[in-house]
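Participant: take this sequence and fold it.
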Amino acid sequence: MRWSKIKNIIILLLIIVNGFLLALVGLRAWQTEQGERETRERMIGILANNGIEFLPQEVPGELKLPSWQVEVETPDEAQAVWLVGELRSVESVGGRTTYTGERGAASFSSAGGVQAEFPSNAWPCDRERITATAAEMLNALSVPSVQETGRREEDNAVTVTYTQLWEGEPVFDRTLVLRWEDGSIRSLNGSCLLGGGEAQTGGETITSSTALARFLTALNDGGYVCSQITDVYAGYTSGGTGTVNLTPAWLIGTDVWPRQFVVDGVTGTVTAAE
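Facilitator: Numbers count the residues shown, from 1 in each chain. Just a heads-up that it's a prediction; the model follows:
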C-alpha cells in the first residue's frame, strides 16, 4: 500500500511537470507570434510613412518552403514530333537541340529553355479553345502544373503567360508565353523545369517583414517609385543549368513599373522583374 501511494505521487508530479513544460512552450510560442505580429504591424506603418499603401489583408509571416535541387530534363524526339510534326532536321549546338518539322520548329535547352514557332494553321484553334490547346501542348511536353498569370487580348491575337508551379508554389522566373493569332497557335517561348527534384533540409529564410524592409531599401536606392503594394506571396527562384537550385523567395507586387520585385528568401537580394 505504501509503495502504491508513492507511485501515485510520482505519476502526479510527472503530470504536473509535463503540464508546466507544455504551458511554458505554449507561452513562448504565443510570445513569438505576438512579437512577429507587432513587427508586421510596424512594417505596415513604416511603408505608410514612406507613402506606400499596403493592400493585402495581412503580412504573411514566415517563409516555410524548402530549397530544391532539380535534375533538368529536356523533351525527347517523340515529344518534339508531337509538337512540330514529322521531322525534317535535328540540330544540336552546345546544350540546345532544335527540331524542325512539317508544322514548325522547336528548340529546347539544357537549362529548360523552350522556343517553338509555328506557321499559320499548324495549330488551329478557336479563341475559346486557347486554354485547352495550351494545356494539351504543355501536357505533351511533360511540363508540370502551371498557372495563368497574364493575358493580353487584341483584335486578332491573344498572348497568355503561364508561370510554372513546383509543389504547388510558383517559380517566379520560369514562365512560358503562348501567342495565338488569326485562329491558330503561333509560338510558345520561355523556360520551365522538367524532371525530378530533391528537397534540401536546413538553412534559414527571411520573414516577409524583412523582405519588405529590403524591398523598401532597394526601392529608394534604385530610384523606383510606387504608391501601393498589391501582393506579397512566397515562391521560388531558380539558378543553374543541368542541375537547377530552387531557392525560396518572396514576390512583392506593386502598382507601377516594373510592378514586381523578387526578394531572395536566403540572401535578401532584391531583383526587379517584369
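Participant: report pLDDT for residue 7.
Facilitator: Each residue has a pLDDT score; the one for residue 7 is 67.
Participant: skipping its backbone neighbours, what lies nearest residue 88 in space?
Facilitator: Nearest non-adjacent residue to residue 88, counting by Cβ to Cβ, 6 or more residues apart in numbering: residue 100, 5.1 Å away. Any C-beta I mention is one placed from the backbone N, CA and C, and that applies to glycine too.
Participant: what's across from that neighbour in the sheet?
Facilitator: residue 89, residue 105 (DSSP bridges).
Participant: point out where the stretch 151-274 of the chain drops to low pLDDT.
Facilitator: Along the stretch 151-274 of the chain, segments meeting pLDDT under 70 span 274.
Participant: do a quick rundown of the strands in it.
Facilitator: Ranges of strands in the stretch 151-274 of the chain, per DSSP state E, counting those that start in this stretch, are 157-166, 169-181, 184-191, 197-200, 228-239, 243-254, 260-264, 270-273.
Participant: between these, which one is closest to residue 82.
Facilitator: Proximity to residue 82 (Cβ to Cβ) singles out strand 184-191 among these, at 12.9 Å.
Participant: who touches the residue nearest to residue 88 in this structure?
Facilitator: By Cβ atoms under 8 Å, 6 or more residues apart in numbering, the contact list for residue 100 reads 84, 87, 88, 89, 90, 91.
Participant: how deep is residue 127 tucked in, by neighbour count?
Facilitator: The number of residues packed near residue 127 is 11, by other Cβ atoms under 10 Å.
Participant: partners of the residue lying closest to it once chain neighbours are set aside in the sheet?
Facilitator: Setting aside the residues directly before and after it, residue 127 is nearest to residue 158 in space (Cβ to Cβ, 6+ apart), at 6.5 Å. Here residue 158 sits in beta bridges with residue 153, residue 180, as judged by DSSP bridges.
Participant: tell me if I'm right that residue 158 and residue 152 touch.
Facilitator: Yes: counting by Cβ atoms under 8 Å, residue 158 does reach residue 152; the two are 7.1 Å apart.
Participant: neighbour count winner among those two?
Facilitator: residue 158 (16 against 11).
Participant: contact partners for that one?
Facilitator: 127, 130, 151, 152, 179, 180, 181.
Participant: and residue 92, by the same measure?
Facilitator: By Cβ under 8 Å, 6+ apart, the contact set of residue 92 is residue 98.
Participant: doesn't it belong to a strand?
Facilitator: Yes: assessed by DSSP: H, G, I helix; E, B strand; the rest coil, residue 92 belongs to a strand.
Participant: from residue 63, how far out is residue 264?
Facilitator: 10 Å (Cβ to Cβ, to the nearest Å).
Participant: sorry, wrong one. I was asking about residue 229.
Facilitator: From residue 229 across to residue 63, the span is 17 Å (Cβ to Cβ).
Participant: again with residue 80
Facilitator: Residue 80 is 38 Å from residue 63, by Cβ to Cβ.
Participant: what's the burial count for residue 139?
Facilitator: Neighbour number of residue 139 under other Cβ under 10 Å is 10.
Participant: how about the one 5 residues further on?
Facilitator: Residue 144: 16 surrounding residues under other Cβ under 10 Å.
Participant: for the stretch 1-150 of the chain, just list every one of the helices.
Facilitator: Taking DSSP state H, counting those that start in this stretch, the helices of the stretch 1-150 of the chain run over residues 2-49, 77-84, 130-140.
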